[in-house]
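Student: Mind looking at a prediction? Sequence and model below.
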Amino acid sequence: MTFQKYVRPQSLEEAWELNQKKRNRVVGGMMWLKMGTHSFGTAIDLCDLGLDAIEETEGEFRIGAMVTLRQMEKHPGLDVYSCGAVKAALRDIVGVQFRNGATLGGSLWRRMGFSDVVAIFLAMDSSVELFKGGVVPLEEFVRMPYDNDILVRLIVKKRPGAFAYQAVRKQRTDLSTLNCAAAKVGEEYRVVVGSRPARAVLLRDERGILAGGITEESAATFAEYAAGAVPVSGNMWGSAEYRRALVPVLVRRTLLALGEVR
């Protein structure tokens, strides 16, 4: 992979203007972009824009696009609020060296189907801040087509809730064959299924299956509902048939884990 020019913009406006040219690319940790063989114009490095910090207030977390996965994994506030689910989602992503380089922005922007980062934050009351597009709910952002905007930060509202996360991998540090996040945010139950292998989908308990709480029976019933609601296909990490069988099992296990969160 080659670039003709390397630029560190001193403002988001400058970064956005550079990103309007088709051959230019915003670079984060360079963990995924480097996997291809490409020739680009300008590498746009956001490292001078102060986007490498996690700001925690009484009501929310504001996580800059240049924050690394390792920073999020080790952040005590995120760990406590998410009931350990953020750490559980991140700890098996390749290895510590990788997570020290991979950024939140790079993980979110591509909306990769296998992304553990997308899955866990989709279960929360999360939004992304885009430089031109403003604040967009993460659920909506995941469905949006790619454009030339700049992702500034992720905003996670601290709503009362509980969270759980599980994934199936061929082995630790491999990409997920299927991942699942479950949450109770306020009085609403949410279940996210990702690595299916398309982009993660968010299911709400619209049928009131979990209205009486999480039990073995209600978890199994919701898992069967999820099995019919989540489309799957195959790739090198698992066939469509395998994922179809995994969905109800992993959803049930994650819901039961959520029910044990205090």
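Tutor: Ah, there it is.

Student: Assumed residue 251 was part of a helix.
Tutor: Yes. Note on residue 251: a helix contains this position according to DSSP: H, G, I helix; E, B strand; the rest coil.

Student: Run through the strands of this protein in chain order.
Tutor: 2-7, 25-27, 39-45, 54-56, 60-64, 126-130, 134-137, 151-157, 161-169, 176-185, 188-194, 201-204 (DSSP state E).

Student: Just to check, residue 26 is in contact with residue 12?
Tutor: No. Using Cβ atoms under 8 Å, residue 26 is not in contact with residue 12; the gap is 11.1 Å. All C-beta spots, glycine's among them, are computed from the backbone N, C-alpha and C.

Student: Common neighbours of those two, please.
Tutor: Residues touching both residue 26 and residue 12 (Cβ atoms under 8 Å, 6 or more residues apart in numbering) are residue 150.

Student: can I get the strands of the chain in a markdown table with mean neighbour count, distance to residue 106 and mean pLDDT?
Tutor: Listed next are the strands of the chain as a markdown table, based on neighbours: other Cβ atoms under 10 Å; distance: least, Cβ to Cβ, whole Å; pLDDT from 0 to 100:
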| stretch | mean neighbour count | distance to residue 106 | mean pLDDT |
| --- | --- | --- | --- |
| strand 2-7 | 12 | 16 | 93 |
| strand 25-27 | 21 | 8 | 91 |
| strand 39-45 | 17 | 12 | 92 |
| strand 54-56 | 16 | 16 | 98 |
| strand 60-64 | 21 | 12 | 98 |
| strand 126-130 | 21 | 13 | 98 |
| strand 134-137 | 13 | 18 | 97 |
| strand 151-157 | 22 | 9 | 98 |
| strand 161-169 | 22 | 20 | 96 |
| strand 176-185 | 26 | 17 | 96 |
| strand 188-194 | 24 | 17 | 97 |
| strand 201-204 | 16 | 22 | 96 |
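
Student: If residue 184 is in a bridge, with which residues?
Tutor: residue 162, residue 189 (DSSP bridges).

Student: and it, how far is that from residue 109?
Tutor: Going from residue 184 to residue 109 by Cβ to Cβ, to the nearest Å gives 28 Å.

Student: Residue 181 too?
Tutor: 19 Å.

Student: likewise residue 82?
Tutor: Applying Cβ to Cβ to residue 82 and residue 109 gives a distance of 22 Å.

Student: Which of those two has more residues huddled nearby?
Tutor: Taking other Cβ atoms under 10 Å, residue 82 and residue 109 do not tie; residue 82 has more neighbours (28 against 19).

Student: Need the strands of the chain in a markdown table (columns: distance to residue 222).
Tutor: Compiled in a markdown table, the strands of the chain are given as follows (distance: least, Cβ to Cβ, whole Å):
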| stretch | distance to residue 222 |
| --- | --- |
| strand 2-7 | 48 |
| strand 25-27 | 39 |
| strand 39-45 | 43 |
| strand 54-56 | 32 |
| strand 60-64 | 28 |
| strand 126-130 | 22 |
| strand 134-137 | 23 |
| strand 151-157 | 24 |
| strand 161-169 | 13 |
| strand 176-185 | 9 |
| strand 188-194 | 7 |
| strand 201-204 | 8 |
